[in-house]
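Colleague: Everything below, folded, please.
(one chain, ligands or ions: 1)
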Amino acid sequence: MFRSWESAPAAHDDARAGNGVTRVADHLGVEHLLVTRHALVRQVLTDPRTYRPDNALDAVTPIPVAALRILARHRFRLPPTLANNGEASHPGIRALVAEALHPSRVAAQRDWLTELVRQRVTRLTADLDAGAPVDLYAGLAADLPLLVLARLIELPDAPVTAVKDFARAALELFWAPLEADRQQQLATEVGRFHLVLREFAATGGGLAASLRAAGHPPDVVVGALFFLLVAGQETTSQFLTLLMHRLIGEPTVLAGLRNGSVGVAEVVEEGLRLEPPIVTWRRVSTMDTLLGGTAVAAGTSIVLWLARAGRDSAVVDAPEQFLPGQRGSRRHLAFGAGAHRCVGDQLARMEAATVVAEVAPLLAEVRVLRAPWYPDNLTFRMPDTLLVGR
Ligand code: HEM
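Modeller: Residues are numbered from 1 along each chain as shown. Next comes the predicted model:
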């Protein structure tokens with residue numbers, strides 16, 4: 001099972017002792033090549049001729065006919081647009097998304113977000129003072145990235161609960177080990193929201209309008225929005241939760257933030273290195289080749305263990321320790337690398353820095369009552385709650 005990505009000492013030790021490339025079988029017995037070393041993960045990500053991104057969004061549990069029929073009834077189609085697009089259309093679509101997420105547009109959201117986070121932290125602190133437990137996931141992580149994204153891409157009246165449910169359903173449908181019944185439920189949920197997106201893609205302003213104006217067909221506009229609504233907010237919600245949880249266990253870092261000896265940006269970077277929300281990412285080999293001395297046949301699924309690459313002792317001085325600013329801290333691959341490198345990285349960093357700066361004093365004064373639970377998933381960490389009290 002995939003939970004074994006984190007806990008499988010065998011794969012991990014083999015990878016460390018060996019050349020950083022290990023053959024592993026998934027829950028269905030399908031073989032993948034697991035790559036752990038930083039240098040090799042980077043090599044794969046930055047060589048699109050030998051390793052294409054086509055399989056990035058493939059369902060790891062193939063979707064059976066009954067669930068495919070449900071998707072088809074909702075006119076669900078997911079043509080290559082961004083992360084899984086190795087075609088000539090990719091740079092143009094990417095450029096329009098990058099424009100919507102331009103650093104100046106991201107920076108313009110900072111004050112608004114700071115105010116919102118400040119209000120939330122004040123309310124959470126009052127609840128804690130009154131002796132009540134609070135859920136930092138629900139209070140500070142779940143909806144904030146979506147609210148910011150909605151402003152940037154001009155998503156009207158973002159139906160927060162519907163988008164969150166859809167996004168989590170999509171992450172489960174495409175990246176989790178699943179039974180057929182569950183696949184049908186998820187297909188219904190994903191399909192329904194896809195219809196809403198189709199309407200927005202046809203009539204919406206902002207990014208939808210600029211994709212249409214550039215001549216992209218409706219399926220491509222829907223596909224790009226579909227990916228953004230998942231990748232552009234769920235990942236950051238997860239990261240905020242992972243980072244807050246980690247920081248509660250790092251009193252020295254919290255004290256440093258408080259007395260100004262530790263910078264917020266360095267904390268975010270070390271958080272991305274040690275607690276990336278995207279644990280693995282996939283590529284597929286286009287030809288017979290060699291990777292770190294291991295033979296790779298054309299068509300092999302390559303699973304890049306981004307989380308492990310961030311803890312490679314060849315790159316980082318103290319790989320397992322949370323030491324903001326240490327050598328190699330910024331060289332993580334949490335955002336990927338090369339032509340498909342995350343285009344929302346500055347947005348994610350801004351959101352995380354804003355939350356960390358505002359919530360650090362609160363984190364120093366709480367204890368964890370219930371740690372997040374993570375469902376089994378090849379790629380995403382999907383925390384459900386982070387319950388804390390005094
Ligand atoms: C902590 C939060 C995030 C993490 C860890 C993350 C990570 C990643 C990773 C690993 C990739 C694949 C990179 C590759 O193939 O080399 C990716 C791609 C992408 N991400 Fe993010 N991401 C985050 C937040 C965001 C946000 C906030 C947005 C937008 C609002 C976003 C939009 C995208 C897009 C559009 C792509 C596809 C880029 C392309 O194919 O050209 N991501 N991200």
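Colleague: where does the stretch 201-350 of the chain come near the ligand, residue by residue?
Modeller: Selection of the stretch 201-350 of the chain residues close to the ligand by CB under 6 Å from any ligand atom yields 228, 231-232, 235-236, 239, 276-278, 281, 334-338, 340-344, 347-348. (C-beta placed from N, C-alpha, C; glycine too.)
Colleague: by contact count, what packs against the one helix or strand residue 228 maps to?
Modeller: According to DSSP states H and E, residue 228 maps onto helix 218-231. Under the contact criterion of 3 or more CB pairs under 8 Å, 6 or more residues apart in numbering; DSSP states H and E, helix 218-231 touches helix 90-100, helix 144-153, helix 160-175, helix 180-203, helix 206-213.
Colleague: could you check the angle helix 160-175 makes with that helix?
Modeller: Put simply, helix 218-231 runs at 100 degrees to helix 160-175, going by axes from the mean of the first three to the mean of the last three CA atoms, to 10 degrees.
Colleague: which parts of helix 218-231 are buried?
Modeller: 220-231 (16 or more other CB atoms under 10 Å).
Colleague: so what's the most centrally placed residue in the chain up against?
Modeller: With distances taken as CA atoms, centre = their mean, the residue of the chain nearest its centroid is residue 235 (3.3 Å). Residue 235 is in contact with 145, 277-278, 348, 380, counting by CB atoms under 8 Å, 6 or more residues apart in numbering.
Colleague: Please report phi then psi for the residue nearest to residue 257 when sequence neighbours are not counted.
Modeller: Excluding the flanking residues, the one nearest residue 257 by CB to CB, 6 or more residues apart in numbering is residue 360, at 4.5 Å. With angles defined as degrees, to the nearest 10, residue 360 sits at phi -50, psi -50.
Colleague: Next: residue 389.
Modeller: The phi/psi pair for residue 389 (degrees, to the nearest 10) is phi -150, psi 180.
Colleague: CA atoms only: put stretch 314-329 into PDB for me.
Modeller: Extracted C-alpha coordinates of stretch 314-329, given in PDB (Å, rounded to 0.1, in the frame of the first residue of the first chain):
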ATOM      1  CA  ALA A 314      24.300  15.100  -0.200                       C
ATOM      2  CA  VAL A 315      22.400  18.400  -0.300                       C
ATOM      3  CA  VAL A 316      21.500  19.300   3.300                       C
ATOM      4  CA  ASP A 317      23.800  19.400   6.300                       C
ATOM      5  CA  ALA A 318      21.300  18.100   8.900                       C
ATOM      6  CA  PRO A 319      18.600  16.400   6.800                       C
ATOM      7  CA  GLU A 320      16.200  15.400   9.500                       C
ATOM      8  CA  GLN A 321      16.400  18.600  11.600                       C
ATOM      9  CA  PHE A 322      14.300  21.700  11.300                       C
ATOM     10  CA  LEU A 323      17.000  24.300  11.000                       C
ATOM     11  CA  PRO A 324      15.800  27.400   9.100                       C
ATOM     12  CA  GLY A 325      18.500  28.800   6.800                       C
ATOM     13  CA  GLN A 326      20.800  25.700   7.000                       C
ATOM     14  CA  ARG A 327      22.900  24.800   4.000                       C
ATOM     15  CA  GLY A 328      20.700  23.200   1.400                       C
ATOM     16  CA  SER A 329      17.400  24.200   3.000                       C
END
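Colleague: CA atoms of the helix holding residue 228 as PDB?
Modeller: This file holds the C-alpha atoms of helix 218-231, laid out as PDB (Å, rounded to 0.1, in the frame of the first residue of the first chain):
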ATOM      1  CA  PRO A 218     -13.700  24.700 -24.000                       C
ATOM      2  CA  ASP A 219     -12.200  21.400 -22.900                       C
ATOM      3  CA  VAL A 220      -8.800  23.000 -22.400                       C
ATOM      4  CA  VAL A 221     -10.200  25.900 -20.400                       C
ATOM      5  CA  VAL A 222     -12.100  23.500 -18.200                       C
ATOM      6  CA  GLY A 223      -9.100  21.200 -17.900                       C
ATOM      7  CA  ALA A 224      -6.800  24.100 -16.800                       C
ATOM      8  CA  LEU A 225      -9.300  25.400 -14.300                       C
ATOM      9  CA  PHE A 226      -9.900  21.900 -13.000                       C
ATOM     10  CA  PHE A 227      -6.200  21.400 -12.300                       C
ATOM     11  CA  LEU A 228      -5.800  24.900 -10.800                       C
ATOM     12  CA  LEU A 229      -8.700  24.500  -8.400                       C
ATOM     13  CA  VAL A 230      -7.100  21.300  -7.100                       C
ATOM     14  CA  ALA A 231      -3.400  22.100  -7.200                       C
END
